[in-house]
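Visitor: What follows is a predicted structure for the sequence shown.
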Amino acid sequence: MTASTRQTVLSLYKRVFRIARTWQAQTAVTSDTETERKYIVQEARSLFRQNQQLTDQESIKKCIEECEARIEIGLHYRNPYPRASYLPPMGLATQKGRKLRAQQRLRKQAKPIYLQSHDET
């Protein structure tokens, strides 16, 4: 990891914790605010630890883009939880063989950048 990449990652990590510290739930209920703050901190810690061992510049760049996208979406919608992603057409059909592999490929392509770290959407 280059020094500039390391600096970028550390600044994102700090930014997420600053956001969590000042986060206010839309409902203005204290318990909701605390729950959402805890979620932001836990999610950030788990994802940053999960990706701590990455050395490939391309995968690090994708993780940085995902983090930035999740921050912007969370701030815009005032919701810290990942937004739902919608399945491509015929996404719920139970098929086997080639059609199933094609559906799996479509699902992977349809997954937005802010959900790349999640296995199941």
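Guide: Ah, there it is.
Visitor: for the record, mean pLDDT for stretch 45-54?
Guide: The predicted model assigns stretch 45-54 a mean pLDDT of 93.
Visitor: measure that stretch end to end?
Guide: The separation between the terminal residues of stretch 45-54, taken as CA to CA, to the nearest Å, is 15 Å.
Visitor: quick one: buried residues of it?
Guide: Applying a neighbour-count criterion of 16 or more other CB atoms under 10 Å, one finds 47, 48, 51 buried in stretch 45-54. For the C-beta atoms, the positions are set from N, CA and C on the backbone; glycine is no exception.
Visitor: in the protein, which spans are strands?
Guide: Under the criterion DSSP state E, the chain contains no strands.
Visitor: Can you list the low-confidence ranges for it?
Guide: 84-97, 109-110, 113, 118-121 (pLDDT under 70).
Visitor: Please repeat the previous calculation with a cut-off of 90.
Guide: 1-2, 28, 81-121 (pLDDT under 90).
Visitor: re earlier: what would the buried residues of stretch 45-54 look like in CSV with distance to residue 100?
Guide: Formatted as CSV, the entries for the buried residues of stretch 45-54 read as follows, by distance: CB to CB, whole Å:
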residue, distance to residue 100
47, 29
48, 34
51, 29
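Visitor: Out of the residues you listed, which comes closest to residue 60?
Guide: Residue 60 lies nearest to residue 51 out of the buried residues of stretch 45-54, by CB to CB, at 7.7 Å.
Visitor: Distance check, residue 40 against residue 106.
Guide: According to CB to CB, to the nearest Å, residue 40 and residue 106 sit 31 Å apart.
Visitor: Equivalent analysis for residue 99, please.
Guide: With the distance defined as CB to CB, residue 99 ends up 10 Å from residue 106.
Visitor: Tell me which of those two has more neighbours.
Guide: More crowded of residue 99 and residue 106, by other CB atoms under 10 Å: residue 106, with 15 against 12.
Visitor: Tell me which stretches of this protein form helices.
Guide: Ranges of helices within the chain are 3-22, 30-50, 57-77, 98-110, based on DSSP state H.
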